[in-house]
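*Asks:* just the structure for this:
(one chain, ligands or ions: 2)
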Amino acid sequence: MSRLADRYDESDVRVRPGRRGSRPRTKERPRHEDAVIGTVITVDRGRYTVRVEGHLVIAMRARELGRKAAVVGDDVALVGDIRGGPDRLARIVRIEPRRSVLRRTADDTDPVERVIVANADQLVVVTALADPEPRPRMIDRCLVAAYDAGLTPLLVLTKADRIDPENPPDVLDMYRPLDVPVVVTSFADDDVVPDDASDTTHLGRHRIVGVEEVRELLTGRVSVLVGHSGVGKSTLVNALVPDADRATGHVNDVTGRGRHTSTSAIALELPVDDEGRRGWIVDTPGVRSFGLAHIDPDRIVTHFSELAGGLDGCPRGCSHDEEECGLDAWVASGQAGPAGPARLDSLRRLLRARTEPREHDRPDA
Ligand SMILES: Nc1nc2c(ncn2[C@@H]2O[C@H](COP(=O)(O)OP(=O)(O)OP(=O)(O)O)[C@@H](O)[C@H]2O)c(=O)[nH]1
Ligand SMILES: [Zn+2]
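*Replies:* Ligands and ions are numbered 1, 2, ... in the order given. Down below sits the predicted model:
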């Protein structure tokens with residue numbers, strides 16, 4: 001399990017006093033043997049909030065990092081003042097090897113595909129079943145990004161109470177052949193909180209059916225939550241982490257930079273459960289799409305274990321979406337089992353998501 005999930009030993013976000021003197025404050029040794037390891041919780045205007053042994057430290061990059069930048073979820077080595085607080089700055093001298101990276105797509109404002117979260121285990125795609133309508137292509141893109149990054153996908157379908165019974169969405173059927181775990185959530189019948197989007201003080205007081213199922217799947221993991229505006233992601237985050245606002249508020253106290261308004265991802269710890277199990281969610285405001293340009297189709301196929309055996313019949317460099325593709329014969333021979341044809345269709349739909357235009361997935365489109 002990642003450091004984020006197993007290292008932190010206090011659920012309360014606070015600056016622990018008396019750090020001074022707990023570590024020799026001698027001049028740095030060349031290789032920073034005295035560095036301490038922490039985990040990046042959020043990034044705001046070049047300032048990194050890093051959790052070190054249960055307290056928060058503000059850090060900046062040391063010159064020797066060169067062009068390398070740490071991201072949320074990174075384990076980093078810190079030197080300097082690690083006591084935390086607005087005027088106390090540590091320096092990041094090293095980024096530890098990453099176990100996974102999730103990339104955001106380049107867009108008009110930023111032409112570079114950037115890593116947004118490191119070391120996550122799971123990608124939680126939050127989509128409303130109604131209001132707004134589900135966007136299957138956006139879900140497909142998320143799944144491809146998850147598979148490529150080595151993250152386990154989880155689909156959370158919200159607002160089941162808003163489904164038009166005359167016209168139910170077909171997303172549930174679409175994802176069944178993919179074996180992606182799905183949790184359906186809704187407001188409880190007895191949820192009495194006025195549903196007024198402008199009144200954010202009520203966020204998190206909603207009773208959401210299915211939230212405990214989601215929590216169970218988040219336990220012991222670092223999960224990145226993505227979803228378009230209005231799908232209910234904040235409502236879900238507030239139900240899972242009742243003091244989410246407080247946690248981001250603490251980050252601001254520590255950075256001394258006012259409200260957390262940056263578009264950076266932020267890692268929030270789930271309340272420790274009865275069995276002492278931990279988990280983290282990484283909320284990603286403003287993340288609309290993922291970098292799929294460099295994805296190797298074979299990497300996606302490896303997530304379809306019953307199809308992977310057919311790769312031997314493919315021509316070199318097969319796109320797996322062409323006439324010569326060996327997967328068709330493999331499936332036709334029955335070696336992929338009875339679900340083979342549906343699985344191959346789903347695989348191809350995902351592979352096409354890499355190259356299809358994304359206009360309709362954009363929130364402003
Ligand atoms: N009926 C119903 N409404 C929901 C449910 N979940 C969230 N909502 C409502 O949907 C609206 C949008 O929810 P938010 O949590 O703000 O959505 P978001 O995805 O965080 O969107 P942004 O804040 O724009 O990023 C709010 O009015 C919520 O109260 C649900 O399960 N059922
Ligand atoms: Zn092929």
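*Asks:* so residue 215 belongs to a strand, correct?
*Replies:* No. The assignment for residue 215 by DSSP: H, G, I helix; E, B strand; the rest coil gives helix, which leaves it out of any strand.
*Asks:* what about the closest residue in space to it that isn't next to it in sequence, distance to ligand 2?
*Replies:* Computed as CB to CB, 6 or more residues apart in numbering, the closest residue to residue 215 that is not its neighbour in sequence is residue 240, at 6.0 Å. The way it works is simple: take the backbone N, C-alpha and C, and place the C-beta from them, glycine included. Going from residue 240 to ligand 2 by CB to the ion, to the nearest Å gives 40 Å.
*Asks:* contact partners for residue 240?
*Replies:* Counting by CB atoms under 8 Å, 6 or more residues apart in numbering, residue 240 makes contact with 211, 214-215, 218, 270, 281.
*Asks:* report the buried members of the residues you listed.
*Replies:* 211, 214-215, 218, 270, 281 (16 or more other CB atoms under 10 Å).
*Asks:* dump the residues you listed to JSON lines, plus distance to ligand 1 and pLDDT.
*Replies:* Formatted as JSON lines, those follow (distance: CB to the nearest ligand atom, whole Å; pLDDT from 0 to 100):
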{"residue": "211", "distance to ligand 1": "10", "pLDDT": "94"}
{"residue": "214", "distance to ligand 1": "12", "pLDDT": "97"}
{"residue": "215", "distance to ligand 1": "15", "pLDDT": "96"}
{"residue": "218", "distance to ligand 1": "17", "pLDDT": "97"}
{"residue": "270", "distance to ligand 1": "17", "pLDDT": "94"}
{"residue": "281", "distance to ligand 1": "13", "pLDDT": "96"}
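*Asks:* which one of those residues is nearest to residue 67?
*Replies:* Set against residue 67, the nearest of the buried ones among the contacts of residue 240 by CB to CB is residue 281 (29.3 Å).
*Asks:* beta partners of that closest one?
*Replies:* residue 223, residue 268 (DSSP bridges).
*Asks:* correct me, but it touches residue 237?
*Replies:* Yes. With contacts counted by CB atoms under 8 Å, residue 281 reaches residue 237, the gap being 6.7 Å.
*Asks:* ok, residue 136 - how many residues close by?
*Replies:* 17 (other CB atoms under 10 Å).
*Asks:* relative to ligand 2, how far out is it?
*Replies:* The spacing between residue 136 and ligand 2, counted by CB to the ion, is 23 Å.
*Asks:* and residue 106, by the same measure?
*Replies:* As judged by CB to the ion, residue 106 and ligand 2 stand 28 Å apart.
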